[in-house]
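Student: coords below, sequence missing:
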Ligand SMILES: [Zn+2]
Ligand SMILES: [Zn+2]
């Protein structure tokens, strides 16, 4: 599982940073990729990567500002043109469906795959055997959400020495013991699974937030997240500006990361006023508060490590 | 006046060619630029040029396929963000207004300049002292138009020796003679303007067509055009494919240029199947029929010369 940043700028594209998009590649975990936000030219950025549009399974839009959205009709169309056939689900705020429907309709676009558009509110959006995704509400000029992706904990490995102690010989019975809370052996004895398993593999937790003002109330919801992706449109001393434009400063993002005791913080959505040395400066500001901070640039890749 | 090609590919962006857009720069003539089609990432292409979005006065959309249109909301928004304040008019087929309105509305975009959207049919769209623009109907999967831009002929220069012959001395009377068909001198004599003027400066004529099948009936309407910009999605031997997909071959475009006796032919909208040597081959195919042919690439600039 890895994060692949495609656009880390804010508002308008610049030569250095495209408008917002990032991909969560889950090739090992589910053979697919998930896309978070889809600013204009996201498909162009993808052309310069090994990301395959046909692998895209789900697209999450944090809010409907153009710099997070205007690349969506093009990406959906090109995925069809390039032979994508598996269904795609797009989650996002109310208005998303009208925008996509009108864009595809007036351009005479007929997708070769099923497209599901889900207009969301807060709460759980998705659950399967391996993952859940929740949406949390942020504070921005438009309705804006953060997405919390949680991998479910996996059972630990069967411990052979424990099974040996119980006198259970290797065979199909091992699988049965692992798959059930309790298993009755042929001799009538009952084996409780948790007694013969090693420690569970903790699932990874990622939070990818849309544009937002600083919200201290998020501390609780973000507690224990492994990787927090947070916007940092402005430098630390621009709090008034950040408030007025419904954005956050580097300091605010780092404070949230610290208070919520997340594992790592990755900052994106930087104003185009910051270049080169100014970016280093922002990184220092953040790290003074929360050491494990990275400022993402376009095409930055970040492994989502398993924390044991 | 010059043509500046921003996107010369077809259907989907490739690393070599973006989707459709081209600019007619008229800085000398009117201090503005006109844009023809606006595929996704047109604003990104512009970032790599000296074109200034705030100079854009008019945008002509040939048809509503996504590869000619999906960059429009982003370009309009960024122009506002970057301080554009003068009005913009967008011409295009029916459906354009709904698309732009919905895109701007759901993204909460308020432009800082007046935007006029004109849904067109065939005929004259625009006329001022210097230019006219006509739309002509093409044959494509969706309603598609070509735009014919005609610069009006200008009066020739006053010929001093002719005026001398008539005994008219230099002074404000010269300007009067130039501005009126006939001028009565103080001695009662009448000077007819055309007798004292050199040859008129012929206005330039450019035709920029959208996607289309080969239409021999266009020969008449394109007769005498200085520069014809025509799509050439396919090689000359792909006539069936071109017909089926409502596109043209290189040979068809060159034949039209020849029959219409245009001055120059520029081909764009090339399928991404053609690269490198294949492009040279297409150029040879075209030049065998119509010598004065160029195949445009992204960022190709072409002066619109005055033909005397
Ligand atoms: Zn925003
Ligand atoms: Zn088309």
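Tutor: Cool, the structure landed. Because the structure is predicted, anything quoted here is derived from the model rather than measured. Numbering: from 1, shown residues only, chains lettered A, B, ... in the order given. Ligands and ions are numbered 1, 2, ... in the order given.
Student: how about the strands in the stretch 1-150 of chain A?
Tutor: In order along the chain, the stretch 1-150 of chain A carries the following strands (DSSP state E, counting those that start in this stretch): A:2-7, A:21-26, A:32-36, A:56-60, A:88-92, A:115-119, A:123-127, A:131-137, A:145-151.
Student: residues in contact with the first one: which ones?
Tutor: Pointing back at strand A:2-7 there. Residues lying outside strand A:2-7 but in contact with it, judged by Cβ atoms under 8 Å, 6 or more residues apart in numbering or on different chains, are A:13, A:17-25, A:37, A:39, A:41-42, A:45-46, A:49, A:51, A:206, A:227, A:229, A:266, A:268, A:296-304. To be clear about C-beta, it is placed using only N, CA and C from the backbone, and glycine gets the same treatment.
Student: that strand - what's its average pLDDT?
Tutor: In this model, strand A:2-7 carries a mean pLDDT of 98.
Student: that strand: partners in the sheet, and parallel or antiparallel?
Tutor: Neighbouring strands of strand A:2-7 in its sheet, by DSSP bridges, are strand A:21-26 (antiparallel), strand A:301-303 (antiparallel).
Student: how about the strands of the stretch 1-150 of chain A in JSON lines, adding mean neighbour count and distance to residue A:261?
Tutor: Shown next, in JSON lines, are the strands of the stretch 1-150 of chain A (neighbours: other Cβ atoms under 10 Å in any protein chain shown; distance: least, Cβ to Cβ, whole Å):
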{"stretch": "strand A:2-7", "mean neighbour count": "23", "distance to residue A:261": "20"}
{"stretch": "strand A:21-26", "mean neighbour count": "24", "distance to residue A:261": "22"}
{"stretch": "strand A:32-36", "mean neighbour count": "23", "distance to residue A:261": "23"}
{"stretch": "strand A:56-60", "mean neighbour count": "23", "distance to residue A:261": "24"}
{"stretch": "strand A:88-92", "mean neighbour count": "23", "distance to residue A:261": "27"}
{"stretch": "strand A:115-119", "mean neighbour count": "14", "distance to residue A:261": "31"}
{"stretch": "strand A:123-127", "mean neighbour count": "14", "distance to residue A:261": "23"}
{"stretch": "strand A:131-137", "mean neighbour count": "19", "distance to residue A:261": "17"}
{"stretch": "strand A:145-151", "mean neighbour count": "23", "distance to residue A:261": "15"}
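Student: ligand 1: which of these is closest?
Tutor: Judged by Cβ to the ion, the one of those that comes nearest to ligand 1 is strand A:145-151, at 11.6 Å.
Student: does chain B have contacts with the closest one?
Tutor: No. Judged by Cβ under 8 Å from any Cβ of the partner chain, strand A:145-151 stays clear of chain B, getting no closer than 15.1 Å.
Student: outside of stretch A:273-285, which residues touch it?
Tutor: Outside of stretch A:273-285, the residues within contact range by Cβ under 8 Å, 6+ apart are A:16, A:232, A:235-236, A:250-251, A:254, A:267, A:270, A:293-295, A:297.
Student: mind telling me which residue of the stretch 201-308 of chain A is nearest chain B?
Tutor: Of all residues in the stretch 201-308 of chain A, residue A:272 sits closest to chain B, with a separation of 10.4 Å (Cβ to the nearest Cβ).
Student: what's that residue in contact with, if anything?
Tutor: Contact criterion Cβ under 8 Å, 6+ apart gives A:9, A:10, A:11, A:12, A:14, A:16, A:17 as the residues in contact with residue A:272.
Student: which residues does the residue nearest to residue A:124 when sequence neighbours are not counted contact?
Tutor: Closest residue in space to residue A:124, ignoring its immediate chain neighbours: residue A:134 at 5.2 Å, by Cβ to Cβ, 6 or more residues apart in numbering or on different chains. When the contact criterion is Cβ under 8 Å, 6+ apart, the partners of residue A:134 are A:122, A:123, A:124, A:125, A:147, A:148, A:150.
Student: grab the nearest non-local neighbour of the first one.
Tutor: Counting by Cβ to Cβ, 6+ apart, residue A:122 lies nearest to residue A:137, which is 5.1 Å off, once chain neighbours are set aside.
Student: quick one, grab the pLDDT at that neighbour.
Tutor: For residue A:137, the pLDDT comes out at 97.
Student: partner residues bridging it?
Tutor: Applying DSSP bridges to residue A:137 yields these beta-bridge partners: residue A:145.
Student: residue B:240: which of the strands paired with strand A:2-7 is closest?
Tutor: Shortest separation from residue B:240 across the strands paired with strand A:2-7 is recorded for strand A:21-26, at 38.9 Å, computed as Cβ to Cβ.
Student: tell me how far residue A:114 lies from ligand 1.
Tutor: With the distance defined as Cβ to the ion, to the nearest Å, residue A:114 ends up 29 Å from ligand 1.
Student: and the gap between that residue and chain B?
Tutor: From residue A:114 across to chain B, the span is 19 Å (Cβ to the nearest Cβ, to the nearest Å).
Student: how about that residue: what's its closest non-neighbour residue?
Tutor: Distances taken as Cβ to Cβ, 6+ apart put residue A:87 closest to residue A:114, at 4.2 Å, once the chain neighbours are dropped.
Student: tell me the predicted confidence for that neighbour.
Tutor: The model reports residue A:87 with a pLDDT of 98.
Student: hang on, it packs against residue A:116?
Tutor: Yes. Taking contact to mean Cβ atoms under 8 Å, the distance of 6.6 Å between residue A:87 and residue A:116 places them in contact.
Student: enumerate the residues of the stretch 101-250 of chain A near ligand 1.
Tutor: Proximity of the stretch 101-250 of chain A to ligand 1 (Cβ under 5 Å from the ion) is limited to residues residue A:211.
Student: quick check, the residue in the stretch 101-250 of chain A closest to chain B?
Tutor: Shortest the stretch 101-250 of chain A-to-chain B distance, computed as Cβ to the nearest Cβ: residue-wise this is residue A:106, at 3.9 Å.
Student: ok, that residue touching residue B:64?
Tutor: Yes. Using Cβ under 8 Å, residue A:106 is in contact with residue B:64, at 5.2 Å.
Student: what sits in contact with each of those two?
Tutor: Between them, residue A:106 and residue B:64 share the contacting residues B:95, B:96, B:99, judged by Cβ under 8 Å, 6+ apart.
Student: show the pLDDT at the second one.
Tutor: Spelled out, that is residue B:96. Note on residue B:96: pLDDT of 98.
Student: for it, give me its contacts.
Tutor: For residue B:96, counting by Cβ under 8 Å, 6+ apart, the contacting residues are A:106, B:61, B:64, B:69, B:90, B:117, B:119.
Student: ok, the closest residue in space to residue A:15 that isn't next to it in sequence - how many residues close by?
Tutor: Beyond its immediate neighbours in the sequence, the residue positioned closest to residue A:15 (Cβ to Cβ, 6+ apart) is residue B:47, lying 5.6 Å away. Neighbour count of residue B:47, defined by other Cβ atoms under 10 Å in any protein chain shown: 14.
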